[in-house]
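Participant: I would like the atomic coordinates for the input below:
(one chain, ligands or ions: 1)
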Amino acid sequence: MAGRRSLLSPAALDDYIRDHTRAPDTVERAQHAATAELGGVATMRIDHEQAVLTTLLTQLAAPAVAVEVGTFTGASAMAIARGLPPDATLHCFDRSVDWTDVAQDFWEQAGVADRIRLHLGPADQGLAELPDEPHVGLAFIDADKPGYVGYHDAIVPRLVPGGLLLVDNVLWSGDVVDPEVDDDDTRAIRAYNDHAADDDRLEGVILPIGDGLFVLRRTDD
Ligand SMILES: C[S@@+](CC[C@H](N)C(=O)[O-])C[C@H]1O[C@@H](n2cnc3c(N)ncnc32)[C@H](O)[C@@H]1O
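Facilitator: Numbering: from 1, shown residues only. Sure thing, here's the model as predicted:
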C-alpha cells in the first residue's frame with residue numbers, strides 16, 4: 001500500500017532527501033505517531049516527502065473541488081487540504097469508520113476540517129454521486145488496487161481541463177516489473193498503469209517517490 005518501499009533509493013539517499021525537505025510540523029508528527037500505533041496497516045500512510053509534494057501540487061492546481069479515494073487516518077487528505085485555496089472543498093471517500101475517526105481528529109488539529117467532506121462507504125458508489133460534469137481540479141487515488149481503473153473512469157470525465165490526477169502505489173515496491181510476481185493486486189496495478197498511459201485525455205509521468213506516484217493532467221477540453 002502507500003508505504004510499501006520500492007527500494008528505488010538507498011537509505012542514505014532517503015536520509016539526504018529528508019534533510020533537504022521541509023520538516024513535518026507538530027500535527028503531522030502526531031498524526032504519524034497515532035497511525036504507527038495501529039500496527040502493520042500504518043504502512044498504508046503516505047510518507048512525509050509525498051505529503052510535501054502533494055501540498056505543492058495542490059497549491060499549483062488551486063482546485064475549487066478536490067477528491068480523494070482512500071483516506072485511512074488522514075495524512076494525504078491533510079496534505080491536500082493544506083494546499084487548497086480559500087473556500088475550496090475536498091471530498092474524501094473511505095469505507096472505514098475507525099480509521100477516518102482518527103483522520104477527523106487530526107484534521108481538526110490542523111485547522112482544515114472545515115474544508116473536508118468525508119463520504120463513508122464504497123468509493124465507487126460515492127464517486128457516482130458527484131456531479132456528472134467537469135468540476136474537479138485535483139484527485140488522488142489510493143484505495144483498493146482492483147478498483148483503480150473504475151475510480152479513474154469515474155474521475156477523469158469530472159476533471160476540469162488542466163486538472164490533476166495523482167495515483168499512488170503504481171510501482172508496487174517494484175513488483176510491477178518482476179515477472180515472478182503475479183498476484184491480484186500486482187496485476188491490477190499493471191492493468192491500471194497501462195489504462196492510464198493509454199488514456200488520450202491525459203498526459204503524465206510516474207514519479208519514483210514513495211511507492212510510485214502517477215501524476216496525470218487532463219489535456220483535452
Ligand atoms: C492505502 S489506504 C489510504 C492511505 C491514505 N491515502 C494515507 O495517505 O494515509 C487505503 C484506504 O482505502 C480504503 N478503501 C479500500 N477499499 C475501499 C473501497 N472499495 N471503498 C472505500 N474505501 C476503500 C481503506 O479503508 C483504506 O483506508
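Participant: so what does the lowest-mean-pLDDT helix or strand in the chain touch, helix or strand wise?
Facilitator: Within the chain, no helix or strand scores below helix 11-19, which has a mean of 89 by mean pLDDT, DSSP states H and E. Counting contacts by 3 or more CB pairs under 8 Å, 6 or more residues apart in numbering; DSSP states H and E, helix 11-19 is packed against helix 48-61. Heads up, the C-betas are built off the backbone N, CA and C, glycines and all.
Participant: thinking again about what came up before, alpha carbons only: can I get the helix or strand following the least confident helix or strand of the chain in PDB?
Facilitator: Sequence order places helix 26-36 as the next helix or strand after helix 11-19, per DSSP states H and E. Taking C-alpha atoms only, helix 26-36 is exported to PDB below (Å, rounded to 0.1, in the frame of the first residue of the first chain):
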ATOM      1  CA  THR A  26       3.700  19.100  15.200                       C
ATOM      2  CA  VAL A  27       0.300  17.900  13.900                       C
ATOM      3  CA  GLU A  28       1.800  15.800  11.100                       C
ATOM      4  CA  ARG A  29       4.200  14.200  13.600                       C
ATOM      5  CA  ALA A  30       1.400  13.400  16.000                       C
ATOM      6  CA  GLN A  31      -0.700  12.000  13.100                       C
ATOM      7  CA  HIS A  32       2.200   9.800  12.100                       C
ATOM      8  CA  ALA A  33       2.700   8.600  15.700                       C
ATOM      9  CA  ALA A  34      -1.100   7.800  16.100                       C
ATOM     10  CA  THR A  35      -1.100   5.900  12.800                       C
ATOM     11  CA  ALA A  36       2.000   3.900  13.800                       C
END
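Participant: Got the confidence number for the residue most central in space within the chain?
Facilitator: Geometric centre of the chain, nearest residue: Phe140, 4.0 Å, by CA atoms, centre = their mean. Predicted confidence (pLDDT) at Phe140: the value is 99.
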